[in-house]
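>>> Sequence and predicted structure are below.
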Protein chains: 2
Amino acid sequence: MDKIKVIAFDADDTLWVNEPYYQEAEKSYCKLLENHLPTTDISGELFKTEIANIAKYGFGVKGFVLSMIETAIRISKREVSAEKIEAILNIGKELLEKPVELLADIDFVLSNLKSNYILVVATKGDLLDQHRKLNSSGLLHHFHHVEIMNDKNDAEYHKLLKRLDIKNEEFLMVGNSLKSDVLPVLSIGGKAIHIPYHITWAHENSEKHEADGKYHEIEKVIELLRIMPKK
Amino acid sequence: MDKIKVIAFDADDTLWVNEPYYQEAEKSYCKLLENHLPTTDISGELFKTEIANIAKYGFGVKGFVLSMIETAIRISKREVSAEKIEAILNIGKELLEKPVELLADIDFVLSNLKSNYILVVATKGDLLDQHRKLNSSGLLHHFHHVEIMNDKNDAEYHKLLKRLDIKNEEFLMVGNSLKSDVLPVLSIGGKAIHIPYHITWAHENSEKHEADGKYHEIEKVIELLRIMPKK
């Protein structure tokens, strides 16, 4: 870790709570449609729609709501009522108003790291919504740069490193998703630290063994202060 | 114009066709709902919904589709059918697949300007959709930087200039919207060139006299080559 100059943090479920809000939203959604299908089937159908739409809608709340509506129409065989569609729109609006709840020790860890490293945010999702969360998080002043990425793959990380004007081995990514925060960064020659969160969106699941031994896994963000040398 | 180092271009209706696609989509939408209200009233109601939702949804196709659905439910007094909601989702998906049609001379003008100026894109809209359009435009190689902004106001332009590390008077914005591309840039001490497009989204309308004489207005982008000195 001696070469690291820039530490990038994922945002959702790394800096603050996110997936629990989505799961709560999905629960309300399934309840709304329970007369059409059992809950687990609704979730499965919704997931299929989300994956099919990612190339068009990208990540974030607005695409999630559009996929919920599309799924409701499909599984109800076009019988779902306007009231229910309205309720789905409202589930989405509530998601866009959720308070930003920081994970434990985040502010303390960032405050300490920033005297030795350049800190950035590297996240997916809706542009406006991620900026809203960053603004109300109170964390913005720790970061030198915020990058809202279309997707977190090799090519997008390459672009980020080019923009930051650093070498790949000077870059450390910290996040809760093996698929988005760890594997692509290792693949382009950067470093990664995985902090699993207690729940993960199915799309972010990845086989752990793919990169075993090539990255650190820690339980709490505060352990970063032990791993990262002070310069 | 002698001090200018960076020229930023708006994207939609400055680099390529956009608003005509939205108006075509809105026309299909009104047709779909014509049994509930006359067309002009539907457009008026949709505009009200869009404005009310901007703080939550921001700009771009996904928010537009969510606002179309919300408006359809409201004006139909919750009677709109699932088939029609499905048709609205499809109008949105079609918008996300529209070909990128460059405005006249854009490629030629950018090719010529870039030997003397740093060129950037400064646009609003959905992150993924704007990147899709840039990628398929064939223009990306002309630009040093692409900024997808939450909104185009004084604060956001300040951030952009800070990121570009230039003085305000070294910045020139070129675009079709007085409200978004001209007035805020003049207000922070930058320069602006207005290229009106034949149709403008009502939200972008602004009183022209507010800044009369403080900016150039040109009819065609090729006139930029006459205005901007070669260095």
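It's in.
>>> buried set for the least confident helix or strand in chain A by mean pLDDT?
When the helices and strands of chain A are scored by mean pLDDT, DSSP states H and E, strand A:145-148 comes last with a mean of 90. Neighbour-count burial for strand A:145-148 flags A:147-148 (criterion: 16 or more other Cβ atoms under 10 Å in any protein chain shown). Every residue, glycine included, has its C-beta placed from N, CA and C.
>>> Show me what that strand is in contact with.
Contact with strand A:145-148 is made by A:8, A:118, A:120-125, A:127, A:130-131, A:134, A:140, A:160, A:163-164, B:127, B:148, as judged by Cβ atoms under 8 Å, 6 or more residues apart in numbering or on different chains.
>>> Which pLDDT does the model give the closest residue to A:Glu101 other than its chain neighbours?
Spatial nearest neighbour of A:Glu101, excluding adjacent residues (Cβ to Cβ, 6 or more residues apart in numbering or on different chains): A:Val17 at 4.4 Å. Per-residue pLDDT puts A:Val17 at 96.
>>> Quick check: the gap between A:Val17 and chain B.
Separation of A:Val17 from chain B (Cβ to the nearest Cβ, to the nearest Å): 19 Å.
>>> For that residue, give me phi and psi.
Torsion angles at A:Val17 (phi, psi; degrees, to the nearest 10) stand at phi -70, psi 130.
>>> ok so, going back, drop anything exposed from the contacts of strand A:145-148.
By neighbour count, with 16+ other Cβ under 10 Å, the contacts of strand A:145-148 hold A:8, A:118, A:120-125, A:127, A:130-131, A:134, A:160, A:164, B:127, B:148 as buried.
>>> returning to what we had before: so the residue nearest to A:Glu101 touches A:Ala104, yeah?
No - in this structure, A:Val17 is not within contact of A:Ala104 by Cβ atoms under 8 Å, at 10.8 Å.
>>> More neighbours: the two, which one.
Neighbours were counted for A:Val17 and for A:Ala104 using other Cβ atoms under 10 Å in any protein chain shown; A:Val17 has more, 15 against 10.
>>> hang on, the earlier thing: the least confident helix or strand of chain A: how far from the chain's middle?
A distance of 13 Å separates the centroid of the chain from that of strand A:145-148, by Cα atoms, centre = their mean, to the nearest Å.
>>> Which is the succeeding secondary structure element to it?
As assigned by DSSP states H and E, the chain's next helix or strand after strand A:145-148 is helix A:154-164.
>>> Who are the packing partners of the longest helix seen in chain A?
Criterion DSSP state H: the longest helix present in chain A is helix A:39-57. On a contact count with 3 or more Cβ pairs under 8 Å, 6 or more residues apart in numbering or on different chains; DSSP states H and E, helix A:39-57 meets helix A:19-32, helix A:61-75.
>>> these two touch, right, A:Ser67 and A:Thr49?
Yes - A:Ser67 is within contact range of A:Thr49, at 4.4 Å (criterion: Cβ under 8 Å).
>>> Around chain B, which positions in chain A sit nearby?
Contacts of chain A with chain B, taken as Cβ under 8 Å from any Cβ of the partner chain, map to A:56-58, A:62-63, A:65-66, A:69-70, A:72-73, A:76, A:78-83, A:85-86, A:89, A:92-93, A:96-97, A:126-129, A:131, A:148, A:150.
>>> Filter those down to the buried ones.
Among the residues of chain A next to chain B, those classed as buried by 16+ other Cβ under 10 Å are A:56-58, A:62-63, A:65-66, A:69-70, A:72-73, A:76, A:80-82, A:85-86, A:89, A:92-93, A:96, A:126-129, A:131, A:148, A:150.
>>> Quick check: which ranges of chain A have low pLDDT?
A:206-212 (pLDDT under 70).
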